[in-house]
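**Q** coords please:
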Amino acid sequence: MSFDVGHSWSYRDWCKAGSFIAGKFVILSLLGYKVTISLAHGAPITYAGFQWEALGQAQLSITSNGLQVSNVGQTGNDGVRLLLPNGIGPTDTQDWAISDSGLGAPGSPVGAFLQMTPLGTINGTPGQSIDNLTMTTMSGGGVSLAVDMAPIAAASMTAYYYNNGALVLTETGLPSVGYVIPHMQTPDTWGPIDHMGEDFDYNNSIAFPTFAGGTVTSDDVVFEPVGSGITFGGYSAVDYTGSGIGGFNIAPVPEPSSGGLLFLGALLLWSASQSRNAKAVALSALAWLINRRDTSSSLSESACHGVR
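**A** Numbers count the residues shown, from 1 in each chain. Model prediction:
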């Protein structure tokens, strides 16, 4: 099942359609459908409350799994740009779940990569690269994670290692240019933070290599610049570009209500052995829960506030 969408759809059109589309993807997926909304190349689209633009020859589509970025070739210029006209608020992040790149997998060619480059205003000039975080498939398995803050000329970096929300280690004096951590598993989410830093997370705790040697048990690592002489005027966009990966998927990091999920899980388990009517009740409950929460929706209701 698919919907073909031309470039003439406006932000208002998307918001009007959002109330129908958001939350229905999961329902249809449970029934065995694959739902895809195809967008004309080059047309900015709205997904999860933000506008996105295709870069290079990449193509964008909204599926039941998230924003699919396809046709990523070998140039390193293909990908997607997340527009942030309002920047990133204090103590905020722009973490997104990145999947389906194949990086680090046996079939991924050595040197294939996906890079995140936040853009913003430096010394009064907009549209400048702030830093970048790069995932690259390595020979022998896994990926390397490279953090590079050369554009802002940071003197060094500080790394903060968290586990289950608690800070477990702080390291100072990390090199700010070309800091590479080899043979890692692929992070599940990554994004910039409000003050020129980088953040990436894992769904489960791992033994994360430290700069001083050894490892620390961590599921979330933040790198922040130290001693940069530039004047930072805020973020305007984030580019995700790659090479040798074919494509990748971007989705919001879900933060559902634990109570709602427990109720829903119990209801779905019960309905599995019940009648068709019981399954319909469970699916209706799922639709209600999704429509109540923007985090699992393909189009954010909050982003459409005031657009009617």
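**Q** C-alpha only now, for contacts and for neighbours.
**A** Will do.
**Q** quick one: average confidence on whichever helix or strand Thr121 is part of?
**A** According to DSSP states H and E, Thr121 maps onto strand 113-122. When pLDDT is averaged along strand 113-122, the result is 95.
**Q** contact partners of that strand?
**A** 101, 103, 126-137, 152, 191-192, 230-245 (CA atoms under 8 Å, 6 or more residues apart in numbering).
**Q** which residues are in contact with whichever helix or strand comes after it?
**A** Where DSSP H and E defines the elements, the next helix or strand beyond strand 113-122 is strand 125-129. The contact list for strand 125-129, computed with CA under 8 Å, 6+ apart, reads 117-122, 151, 236.
**Q** now, among these, which is nearest to Ile88?
**A** Among the contacts of strand 125-129, Ser236 lies closest to Ile88 (CA to CA), at 8.5 Å.
**Q** Could you pull up the residues touching that closest one?
**A** Contacts of Ser236 by CA under 8 Å, 6+ apart are 83-87, 118-121, 126-127.
**Q** what about 10 Å?
**A** Counting by CA atoms under 10 Å, 6 or more residues apart in numbering, Ser236 touches 82-88, 118-121, 126-128.
**Q** Hmm, Leu83 and Pro44 touching each other?
**A** Yes: applying CA atoms under 10 Å, one finds Pro44 in contact with Leu83, separated by 9.4 Å.
**Q** Which residues are in contact with each of those two?
**A** With CA under 10 Å, 6+ apart as the test, Pro44 and Leu83 both reach 50-53.
**Q** Quick one: which of these is the most crowded by neighbours?
**A** With neighbours set by other CA atoms under 10 Å, the maximum within those is found at Trp52, which has 23 neighbours.
**Q** what helix or strand does that residue sit in?
**A** Assigned by DSSP H and E, Trp52 falls in strand 50-55.
**Q** That strand packs against which elements?
**A** With contacts taken as 3 or more CA pairs under 10 Å, 6 or more residues apart in numbering; DSSP states H and E, strand 50-55 sits against strand 45-47, strand 59-63, strand 66-72, strand 78-83, strand 232-243.
**Q** what angle sits between that strand and strand 78-83?
**A** Orientation of strand 50-55 against strand 78-83 (axes from the mean of the first three to the mean of the last three CA atoms, to 10 degrees) gives an angle of 150 degrees.
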